[in-house]
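1. Here is the input, now give the coordinates:
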Amino acid sequence: MSQDQSKNFRSARNRGFTLIEILVVVVILGILAAIVVPRVMEHPGEARQVRAKTDIQAIVSALNIYKLDNFVYPSSEQGLDALVHKPSGAPEAPNWKSGGYLERVPKDPWAHPYLYTHPGQHGDIDVYSLGADGKPGGEGEAKDVGNWED
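-> Residues are numbered from 1 along each chain as shown. Just a heads-up that it's a prediction; the model follows:
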């Protein structure tokens, strides 16, 4: 390769993207956003239900680790706060992990607290949200979401 060819190759390689190339990419991203965003925004209730299920799974995982450390789940009276602050009263938590099991107990997507019972109606523990309406039962976005569901 001659020096002139080598110099042209290096300068072509170092010049970066042209304005036209960047505009083409921006237009493609705009078209994709115009197609995807409305589909996602059509189902905000479903998105909240999915978020609630994800939060509940994280809380149940923290409760299971709590039980591994302390041999029992927190009582219903101690509630989910036992995952953040060392509980007092029965049952004791002799091996409570310094720093807690959660940084904080999240609120459900409708800004209500998650509910916890031990023993639960559906298993050893029930962690659940009452949905958008904050009342038991319901359909659609008002449907209860709990750890007993798939």
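2. in what helix or strand does residue 88 lie?
-> Using DSSP states H and E, no element contains residue 88; it sits outside every helix and strand.
3. Which residue ranges of this structure form strands?
-> Secondary structure of the chain (DSSP state E): strands located at 115-117, 126-129, 145-146.
4. Just the endpoints, please. Distance across stretch 67-76?
-> 14 Å (Cα to Cα, to the nearest Å).
5. From the rest of the structure, what touches that stretch?
-> Stretch 67-76 has contacts (Cβ atoms under 8 Å, 6 or more residues apart in numbering) with 63, 66, 80, 82-83, 87, 89-97, 116-118, 124-125. From N, CA and C alone the C-beta is placed, and that goes for glycine too.
6. again, 6 Å this time
-> Outside stretch 67-76, the residues that touch it by Cβ atoms under 6 Å, 6 or more residues apart in numbering are 63, 82, 87, 91, 93, 95, 97, 117, 118, 125.
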